[in-house]
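Novice: Fold the following.
(2 chains)
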Number of protein chains: 2
Amino acid sequence: MKRGLVGLLLFALANLAYAQSDPLRSWNDGPARKAILNFVADVTDEASADFVKPEQRIATFDNDGTLWAEKPIYVEFQFAIDRVKALAPQHPEWKTTPPFNHLLAGDTTAFMAGGDKALLAAVAASHSGMTPEEFEAIVKEWLATAKHPTKHRLYTELVYQPMLELLTYLRANDFKTFIVSGGGVEFMRAFAERTYGVPPDQVVGSQGKLKFEMVNGKPTLMKLPAVQFIDDKDGKPIGIEHHIGRRPIAAFGNSDGDLEMLQWTCASSGARYCLFVHHDDAVREWAYDRHSTVGRLDAGLDAAKASGWTVVSMKNDWKTIFPAE
Amino acid sequence: MKRGLVGLLLFALANLAYAQSDPLRSWNDGPARKAILNFVADVTDEASADFVKPEQRIATFDNDGTLWAEKPIYVEFQFAIDRVKALAPQHPEWKTTPPFNHLLAGDTTAFMAGGDKALLAAVAASHSGMTPEEFEAIVKEWLATAKHPTKHRLYTELVYQPMLELLTYLRANDFKTFIVSGGGVEFMRAFAERTYGVPPDQVVGSQGKLKFEMVNGKPTLMKLPAVQFIDDKDGKPIGIEHHIGRRPIAAFGNSDGDLEMLQWTCASSGARYCLFVHHDDAVREWAYDRHSTVGRLDAGLDAAKASGWTVVSMKNDWKTIFPAE
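Specialist: Reported below is the predicted structural model:
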């Protein structure tokens, strides 16, 4: 118990030091930064009509394209491809079986032509047939070495420095921060705590089915090749209700897959904050929106304009994109 | 931010005061109390081989029969019955439709003969067709007035005082406490924060399906009369993995429905703690185990003996059962 006390006091002191520095130092002093600071000041001020009690300060963040890079393809998809290649020697039949033969031959076009069915087959092959602990170890090992094809950095280094600061800033103001993403929940949990400071139980994502069984008298969970829940689009507010059980007061996304989450968050009464990260920096990152297959932001861009949500220009609002090497 | 700091310091001081009093004062000084204190001392001592980092100190609690009374019938079932009665004027057809006619006539035997099908029909009628917020308001209103048929107290007063102390004690030692119960997740969330200090996102339970839709331009979630997930028996370790994403190091239950959760918790390496509350106090509460239809504890009692888990005798281990009136 003593340890808990010391920890709390140190935490309070660290917060004091933190409060005296600039909490959003990688954000340019523009409208996006101002809007965030104003919102947080408003909901944390007990004298404000918009004051929100700490336990109701729920903030939800999409992951791909909002917290880390998603180009040229989703990181988890790259993991699935690499995993299929690693497993290929144990599956000689894959050489002639779509979509695995396309993946192994590096024929992305043929693979993509297989649509959702091909994608699900690759995900099933790479994400099931093991325990969650075994899967976690595989993901961690891959993340420790796999490099981005053009940025040549670890994927966990291709996170957005301004968003890391935003997560820290919200938590310092008694927000509980959640990831709510279409990505696989167990894939994200393998790095979310270390990379974002978000513990496993605050990660909401897509889920595969699990089976509980006794194996040689030992209770075991097994990941099955079947989908339990897709946490995307209308699945995001549903996932939030199932998992968090409280409507967020702030939501952060970057694509049309996040639109329902932002609508759900900003439609309730009181001060609410919704933000889209707009990928408009072709020099430092990528520029894409209405016509991209990955991370398309089309209806969301219109909704943001109509609703007065913040649209972050990565080019103009962010001093830096990624953490320093 | 200042408010957060003051809050943290006050919390630290409150903990200091708390640590100087007896954390488990409603527990008799017997083997159960000693086992709990030893376990917590062991996993929180950095010098111990069994030390567990705070972020991995996950404790899961069943609800019915573990945190509050479950006799003569589950509280949520009583809610469903009362709700069906309240809705009956809007459903004249129920007068002649099983299982509603049995419920309205107070014929529990005929209702029970309908088995799971009858139960699901009553749950669907009382738990769907409204938004989660509307449902929460209905449950809160019911809990504020409905009284137990023989104890004549509010259901939220029929919680176990020694277990409330245990929850507080574990949290004071940096445990994150979760409810993992077969009960409906939204039913439990309506009182768990106020009654147990467990926030909505730390309640894992059975779930109905939800639908997201735009109603007059307003995003809305609707509770559907369909089951999404049953968080009981083997569903408990599955629910824990889906929701918490980390294996508990301590688990607390009272019936065979909790057996898989305890097996899953105590099978992993390191210091682990598993406990069954045994209802053996016919005078102050109820005495039931191997042959009860509600809260049967049969295989679990054998497993506890074989595995060296704590079996709490409510009669001998607890000074008081319920909080003072």
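Novice: Please name the nearest non-neighbouring residue to the residue nearest the centre of chain A.
Specialist: The centroid of chain A falls nearest to A:N63 when counting by CA atoms, centre = their mean (1.5 Å). Ranked by CB to CB, 6 or more residues apart in numbering or on different chains and with sequence neighbours excluded, the top spatial neighbour of A:N63 is A:S181, at 3.8 Å. Backbone N, C-alpha and C define where each C-beta goes, glycine included.
Novice: picking that back up, thought the residue nearest to the centre of chain A was touching A:M188?
Specialist: Yes. Between A:N63 and A:M188 a contact is recorded at 6.0 Å, counting by CB atoms under 8 Å.
Novice: Which neighbours do the two have in common?
Specialist: The contact sets of A:N63 and A:M188 overlap at A:I179, A:S181, A:G205 (CB atoms under 8 Å, 6 or more residues apart in numbering or on different chains).
Novice: Adjacent strands (with direction) for the helix or strand harbouring the first one?
Specialist: For A:I179, the enclosing helix or strand under DSSP states H and E is strand A:176-184. Take DSSP bridges as the rule and strand A:176-184 pairs in its sheet with strand A:58-61 (parallel), strand A:203-215 (parallel).
Novice: Dump these into TSV; add mean neighbour count as well.
Specialist: Compiled in TSV, these are given as follows (neighbours: other CB atoms under 10 Å in any protein chain shown):
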stretch	mean neighbour count
strand A:58-61	26
strand A:203-215	18
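Novice: and those strands as JSON lines, adding mean pLDDT?
Specialist: Conversion of these to JSON lines gives the following (pLDDT from 0 to 100):
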{"stretch": "strand A:58-61", "mean pLDDT": "98"}
{"stretch": "strand A:203-215", "mean pLDDT": "97"}
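Novice: closest one to A:A250 among those?
Specialist: strand A:58-61 (4.3 Å; CB to CB).
Novice: And the helices in the stretch 151-300 of chain A?
Specialist: Along the stretch 151-300 of chain A, counting by DSSP state H, counting those that start in this stretch, helices occupy A:161-172, A:185-196, A:235-243, A:259-266, A:299-307.
Novice: tell me what the shortest one is packed against?
Specialist: Going back to what we said before, that points to helix A:259-266. Other elements packing on helix A:259-266 under the criterion 3 or more CB pairs under 8 Å, 6 or more residues apart in numbering or on different chains; DSSP states H and E are helix A:235-243, strand A:250-253, strand A:273-278, helix A:299-307, strand B:218-229.
Novice: mind running it again at 6 Å?
Specialist: helix A:235-243, strand A:250-253, strand A:273-278 (3 or more CB pairs under 6 Å, 6 or more residues apart in numbering or on different chains; DSSP states H and E).
Novice: Buried residues, that helix. List them.
Specialist: A:L259, A:E260, A:M261, A:L262, A:Q263, A:W264, A:T265, A:C266 (16 or more other CB atoms under 10 Å in any protein chain shown).
Novice: angle of that helix against strand A:273-278?
Specialist: Put simply, helix A:259-266 runs at 150 degrees to strand A:273-278, going by axes from the mean of the first three to the mean of the last three CA atoms, to 10 degrees.
Novice: what does the average pLDDT come to for helix A:259-266?
Specialist: Confidence for helix A:259-266, expressed as mean pLDDT, is 98.
Novice: got the residues of the stretch 201-325 of chain A near chain B?
Specialist: A:201, A:207, A:210, A:212, A:218-219, A:221, A:234, A:237-238, A:241-242, A:244-246, A:263-264, A:267 (CB under 6 Å from any CB of the partner chain).
Novice: May I see the PyMOL selection of the buried members of those residues?
Specialist: Of those, the buried ones can be selected in PyMOL as follows, counting by 16+ other CB under 10 Å:
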select buried, chain A and resi 201+207+210+212+219+221+234+237+238+241+242+244+245+246+263+264+267
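Novice: Quick one: low-confidence residue ranges for chain A.
Specialist: A:1-20 (pLDDT under 70).
Novice: coming back round to it: mind checking how far the residue nearest to the centre of chain A is from chain B?
Specialist: 15 Å (CB to the nearest CB, to the nearest Å).
Novice: For that residue, which residues are in contact?
Specialist: Counting by CB atoms under 6 Å, 6 or more residues apart in numbering or on different chains, A:N63 makes contact with A:I179, A:S181, A:G183, A:M188.
Novice: Which one of those residues sits in the busiest neighbourhood?
Specialist: A:S181 (31 neighbours; other CB atoms under 10 Å in any protein chain shown).
Novice: isn't it right up against A:D62?
Specialist: Yes. The pair A:S181 / A:D62 is scored as a contact, 5.3 Å apart, by CB atoms under 6 Å.
Novice: Tell me who's in contact with whatever residue of the stretch 201-325 of chain A ends up closest to chain B.
Specialist: Ranked by CB to the nearest CB, the top residue of the stretch 201-325 of chain A for proximity to chain B is A:G245, at 3.3 Å. Residues in contact with A:G245 (CB under 6 Å, 6+ apart) are B:R189, B:P200, B:D201.
Novice: how about the residues of the stretch 51-200 of chain A that lie near chain B?
Specialist: Checking the stretch 51-200 of chain A against chain B by CB under 6 Å from any CB, the hits are A:P132, A:N173, A:D174, A:R189, A:P200.
Novice: could you list every residue that touches the residue of the stretch 51-200 of chain A found nearest chain B?
Specialist: Proximity of the stretch 51-200 of chain A to chain B (CB to the nearest CB) peaks at A:P200, 3.2 Å away. Residues near A:P200 by CB under 6 Å, 6+ apart: A:R189, B:G245, B:R246.
Novice: Just give me the neighbour total for the closest residue to A:P149 other than its chain neighbours.
Specialist: Nearest non-adjacent residue to A:P149, counting by CB to CB, 6+ apart: A:P72, 6.9 Å away. Using other CB under 10 Å, A:P72 has 13 neighbouring residues.
Novice: any idea how far A:P72 lies from A:K151?
Specialist: 10 Å (CB to CB, to the nearest Å).
Novice: what about A:T44, how many neighbours?
Specialist: Going by other CB under 10 Å, the residues that sit close to A:T44 add up to 20.
Novice: Quick check: the gap between the nearest residue to A:I58 once chain neighbours are set aside and A:I230.
Specialist: Spatially, and ignoring its direct neighbours in sequence, A:I58 is nearest to A:P248 (4.4 Å; CB to CB, 6+ apart). As judged by CB to CB, A:P248 and A:I230 stand 19 Å apart.
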